[in-house]
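need a structure here:
(2 chains)
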Amino acid sequence: MKTLNRIVMSYFIIALPVILVAFMIWPQIAATESAVGSPLLEWGNALSGYLFAFWIATALYTVVCLVFSSRFREQLLKRIAFVKERDEREELIVRRAARNAFLFNIAFLLFLFFLNLVTVDVSKYPPDHLVAGKEHSLSLGLNLSPFVGTKLVAETEGGVIAQTLFRYRFPLTVSGTLLILIIINVGAFSLYARRFGRQ
Amino acid sequence: MKNVIMSRLHVLRAEKRMTQEKLAEAVGVTRATIIAIEKGNYNPSLELAFKLAHFFNVGIEEIFTMEESK
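Numbering: from 1, shown residues only, chains lettered A, B, ... in the order given. Alright, predicted model coming up:
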């Protein structure tokens, strides 16, 4: 059981950044025309699929163990915080790391929330629809939609069709955002623990 | 003004010709904690301070002193 826990924890933590990179980059590579139908792509798809499936299995195992096993929680903490034995100094390191990681995570969440709220549009109007002689418009907005598909502003019909030059919407999907949050949580705690451990 | 805890732990340990590892084992902490105390990077708890004093058979104030630094 102890060996299984160690293997699961190691894979869960080590594969986390790899999964993120694969999750972000692989679809871009797979979408390129030159990659379509190549044996390397098929091989990469199969490998990344197996790696991801195994990681999901370890993540589920970790969730169950974190809820029910205090021993697993301690082991995971030791693995993330790089402390092998627990004494009062290492407890202090973990406490300080948790405090700082919490504050860092709050800051990061607020930043993500801001990025998710803001919308930016730069448009160019056709010559016969210039507004006060201006042909470009910059539109800044805040879009707070609590549920998928909620429209807070009714779409206007028959408006002037402007050519969109630049459009910013929050680029990440929910699963992408959650994966980044998991990495930031684990990474912040781990880095702070290492930093305080060196002092 | 800031108060700093100064430690004579390394002196007492040297007098006993004892390694940090052995002292750590004797008082139930890690070697890293002994190193941190000797360097002045970590102030031990009252419990650990008493354990150290008991181990060296001296008073706590003979191991740790508080000094003011600018």
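
which helices and strands does the helix or strand of chain A with the lowest mean pLDDT pack with?
In chain A, the helix or strand scored least confidently by mean pLDDT, DSSP states H and E is helix A:2-31, which has a mean of 81. Judged by 3 or more Cβ pairs under 8 Å, 6 or more residues apart in numbering or on different chains; DSSP states H and E, the packing partners of helix A:2-31 are helix A:39-68, helix A:70-81, helix A:174-198. All C-beta atoms are positioned from the backbone trio N, CA, C, and that covers glycine.

can you lay out these as TSV showing mean neighbour count?
Shown next, in TSV, are the helices and strands packed on helix A:2-31 (neighbours: other Cβ atoms under 10 Å in any protein chain shown):
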stretch	mean neighbour count
helix A:39-68	13
helix A:70-81	16
helix A:174-198	16
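
if we can go back for a sec, tilt between the least confident helix or strand of chain A and helix A:174-198?
130 degrees (axes from the mean of the first three to the mean of the last three Cα atoms, to 10 degrees).

quick one: distance of helix A:2-31 to the chain centre.
Averaging C-alpha positions (Cα atoms, centre = their mean, to the nearest Å) puts helix A:2-31 13 Å from its chain's average.

centre-most residue in the chain?
Defaulting to chain A. residue A:180 (2.0 Å; Cα atoms, centre = their mean).

other chain: chain B
With distances taken as Cα atoms, centre = their mean, residue B:9 lies nearest the centre of chain B, 4.2 Å away.

where does the chain have low pLDDT?
Looking at chain A here, since you left the chain open. A:30, A:33-37, A:84-85, A:149-160 (pLDDT under 70).

looking at chain B here, not the other one
Along chain B, the parts satisfying pLDDT under 70 run over B:70.

how about the residues of it by chain A?
For chain B, the residues in contact with chain A (Cβ under 8 Å from any Cβ of the partner chain) are B:28-30, B:32-33, B:36, B:41-42, B:44-45, B:47-48.

turn those residues into TSV, columns for neighbour count and secondary structure.
Shown next, in TSV, are these (neighbours: other Cβ atoms under 10 Å in any protein chain shown; DSSP: H, G, I helix; E, B strand; the rest coil):
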residue	neighbour count	secondary structure
B:28	13	coil
B:29	23	coil
B:30	20	coil
B:32	20	helix
B:33	24	helix
B:36	22	helix
B:41	12	coil
B:42	21	coil
B:44	25	coil
B:45	14	coil
B:47	11	helix
B:48	20	helix
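
what is the nearest of those residues to residue A:61?
residue B:30 (29.7 Å; Cβ to Cβ).

do I have it right that the closest one meets residue B:24?
Yes. Using Cβ atoms under 8 Å, residue B:30 is in contact with residue B:24, at 5.8 Å.

contact partners of stretch A:70-88?
Stretch A:70-88 is contacted by residues A:5-6, A:9-10, A:13, A:62, A:65-66, A:90, A:93-94, A:97, A:186, A:189-190, A:193-194, A:197, B:28-30, B:33, B:44-45, B:47-48 when judged by Cβ atoms under 8 Å, 6 or more residues apart in numbering or on different chains.

buried residues, stretch A:14-24. List them.
Across stretch A:14-24, burial judged by 16 or more other Cβ atoms under 10 Å in any protein chain shown covers A:15-16, A:19, A:22-23.

before we move on, what about stretch A:86-100?
Buried, per 16+ other Cβ under 10 Å, within stretch A:86-100: A:86-90, A:92-94, A:96-98, A:100.

quick one: the helices in chain B?
In chain B, helices defined by DSSP state H lie at B:9-15, B:20-27, B:31-39, B:46-56, B:60-63, listed in chain order.

can you redo the helices and strands packed on helix A:2-31 as JSON lines with distance to residue A:146?
Below are the helices and strands packed on helix A:2-31 laid out as JSON lines (distance: least, Cβ to Cβ, whole Å):
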{"stretch": "helix A:39-68", "distance to residue A:146": "26"}
{"stretch": "helix A:70-81", "distance to residue A:146": "33"}
{"stretch": "helix A:174-198", "distance to residue A:146": "13"}
